[in-house]
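S.K.: model this:
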Amino acid sequence: MADQERRSRLLSLKLRALVRDHSGPDAESGSIPHPYGGGAALVTDGAVWILHDGDASRAVGPAVAWSASRAAGLPLNIVTESGGGIAARRATLLDADITVWHADERTITPASPEPHLPVAAADMRHVAFAPLIEDAGAEVIVEHGVVSGEVRGLEMCRVVDDPVSGEARLEAGMGTHDREAFAMVHGHLPAVDALRQVIAAVLPHRADGAEPHPFNRFAAERLLRWHALQDPSSVGCDTLLPAAPPVPRANLKDTVPCVATGVDRDGRTVAVTFVHGVDLDAVPFALDAADAVRADRAVLAARERDVTASVRVLAGLARAPFDVVTVGWPLAPTP
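M.R.: Coordinates of the predicted model:
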C-alpha cells in the first residue's frame, strides 16, 4: 500500500509538471489534483488532465467516465507514454472533446490515431488442423491469424510452430504454460485423444446451469458470445459469426471483450462486442471493433448488472449507430 501511495504521489507531481510546462504556470496554479486509479488527475479552470500509468489503449472509457462525473463539460486531456495511438483512435469515435497526448520526459505532443491492424490470414499449415480440432469436439476459431479450438468459448488447444523444427503442431491446454504441462504429462497421446481428454474435463463446467468453477470463470465473455452464436436473435441479429477483436488478446486468461459480426434484422452489418463484468472501456472498444470491420452499427452485449450509468453515458457519446443489449448468464449464479 505504501508503494502504491508513493507511486500515486509521484504521478500527481509528474502530471502537474507536464501541465505547467505545456500550458504555462497560470494553467497549473489553482488546479486541483485528484486521486485516479491507474494514474493521476488534475482539474484546471479550463480542462481535465489525466495521466494514465502504463498501456493506455483501454484508457479512454475510464477517463471519460471520470471526467463526466467530476468535471462535465470541460475538455479532456489524456496523457500517456504507451498505447496512445490506439487511445487516440478510439477517442475519435466519441462525440466529446478529447485529446490524447504522448509524454516523452517533460514534453507532450498530440498522439496520432493508430491505424487498425491489417487482416492476418492464418497459415494454411495451421488451417489443416481444423478437421482434427472439430473431430475432437471443439470449435475452430481464427483470430489475428491464430488457429485455436474452443469449447463454449474457452480455448482448449492452439496450433503452433515448433521452435526447433518449425513444423506446425496442435497443442492441447489453456494457455502456454498449461499446454506445456499437458504435453509433459500426456505427450504420449495422439493430439486428438489429448484434446478429447481436455474437453471431457472442461465441458461439464461450461454447460448451462453449471455451478461456479475456475473452468467457467475464465473467458466468461466468450461463453456469452457462444450462446449468442447459437441464437443470433438474442442480440438482434439474423446471422452471427465469431470475429477477431481490434487488438489481439495478450493472455487468454485475462478478461478481454470478444467480438462477433453479422447482419441484423434490417439487413445492416453489425459488430457485437461481448463483455462480462463492469468494463468502463467497453463502449470505446465496441466502437473500435465496429470501425475495424466497417460495420453499419455497433452493439454492446452484457449482463444487465454490468450496464452501469457510466456505460450508458459513454454509449450516448457514440458517433456511430450504437446499441446496448442485455443478455442472460447461462450458468448458476455466482456467489
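
S.K.: look up how far residue 172 lies from residue 315.
M.R.: The spacing between residue 315 and residue 172, counted by C-beta to C-beta, to the nearest Å, is 40 Å. All C-beta spots, glycine's among them, are computed from the backbone N, C-alpha and C.

S.K.: these two: who's more crowded?
M.R.: Neighbours per residue, other C-beta atoms under 10 Å: of residue 315 and residue 172, the larger number sits with residue 172, 25 against 19.

S.K.: ok, that one touching residue 156?
M.R.: Yes. Residue 172 is within contact range of residue 156, at 6.6 Å (criterion: C-beta atoms under 8 Å).

S.K.: overlap in contacts, the two.
M.R.: 195, 198 (C-beta atoms under 8 Å, 6 or more residues apart in numbering).

S.K.: which residues in this protein form helices?
M.R.: With helices called from DSSP state H, the chain shows them at 2-23, 25-28, 60-70, 84-91, 124-127, 130-135, 175-186, 191-206, 214-217, 220-230, 282-292, 309-315.

S.K.: highest average neighbour count across those helices?
M.R.: Between these, helix 282-292 has the highest mean count of neighbours, a mean of 27, where neighbours are mean count of other C-beta atoms under 10 Å.

S.K.: what about that helix, average pLDDT?
M.R.: Taken as a whole, helix 282-292 has a mean pLDDT of 98.

S.K.: with stretch 256-265 instead?
M.R.: Across stretch 256-265, the average pLDDT comes to 96.

S.K.: restrict it to CA atoms and write it as PDB.
M.R.: Listed in PDB are the C-alpha atoms of stretch 256-265, where the atom choice follows Å, rounded to 0.1, in the frame of the first residue of the first chain:
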ATOM      1  CA  VAL A 256     -11.000  -9.000 -22.500                       C
ATOM      2  CA  PRO A 257     -14.100  -8.200 -24.600                       C
ATOM      3  CA  CYS A 258     -14.700 -10.500 -27.600                       C
ATOM      4  CA  VAL A 259     -16.400  -9.800 -30.900                       C
ATOM      5  CA  ALA A 260     -18.800 -11.300 -33.400                       C
ATOM      6  CA  THR A 261     -20.000  -9.900 -36.700                       C
ATOM      7  CA  GLY A 262     -23.200 -10.500 -38.700                       C
ATOM      8  CA  VAL A 263     -26.300  -9.000 -40.200                       C
ATOM      9  CA  ASP A 264     -29.200  -7.500 -38.100                       C
ATOM     10  CA  ARG A 265     -32.900  -7.800 -38.800                       C
END
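
S.K.: and that stretch, which residues are buried?
M.R.: Along stretch 256-265, the positions that meet the burial threshold by neighbour count (16 or more other C-beta atoms under 10 Å) are 256-264.

S.K.: what lies in contact with that stretch?
M.R.: By C-beta under 8 Å, 6+ apart, the residues outside stretch 256-265 that reach it are 153, 219, 221-222, 225, 228-229, 232, 236-246, 249, 269-275, 279, 282, 285-286, 289, 293, 295, 297.

S.K.: now, of those, which are buried?
M.R.: So, by 16+ other C-beta under 10 Å, the buried ones in the contacts of stretch 256-265 are 153, 219, 221-222, 225, 228-229, 232, 236-237, 240, 242-246, 249, 269-275, 279, 282, 285-286, 289, 293, 295, 297.

S.K.: and those residues, which of them are in strands?
M.R.: Among those, the subset assigned to strands under DSSP state E consists of 237, 240, 242-243, 269-274, 297.

S.K.: of those, closest to residue 51?
M.R.: Each of these was checked against residue 51 using C-beta to C-beta; the closest is residue 273, at 27.2 Å.

S.K.: residues in contact with the closest one?
M.R.: So residue 273 contacts 257-259, 282, 285-286, 289, 298-301 (C-beta under 8 Å, 6+ apart).

S.K.: against residue 258, how distant is the closest residue to it other than its chain neighbours?
M.R.: In this structure, residue 273 finds its nearest non-sequential neighbour in residue 286, 3.7 Å apart by C-beta to C-beta, 6 or more residues apart in numbering. With the distance defined as C-beta to C-beta, residue 286 ends up 11 Å from residue 258.

S.K.: ok, residue 249 next?
M.R.: Separation of residue 249 from residue 258 (C-beta to C-beta): 8 Å.

S.K.: try residue 210
M.R.: With distances taken as C-beta to C-beta, residue 210 is found 20 Å from residue 258.

S.K.: shouldn't residue 300 be in contact with residue 324?
M.R.: Yes. A contact is recorded between residue 300 and residue 324 when judged using C-beta under 8 Å, the distance being 4.9 Å.

S.K.: shared neighbours of the two, anything?
M.R.: Taking C-beta under 8 Å, 6+ apart as the contact criterion, the residues that touch both residue 300 and residue 324 are 311, 315.
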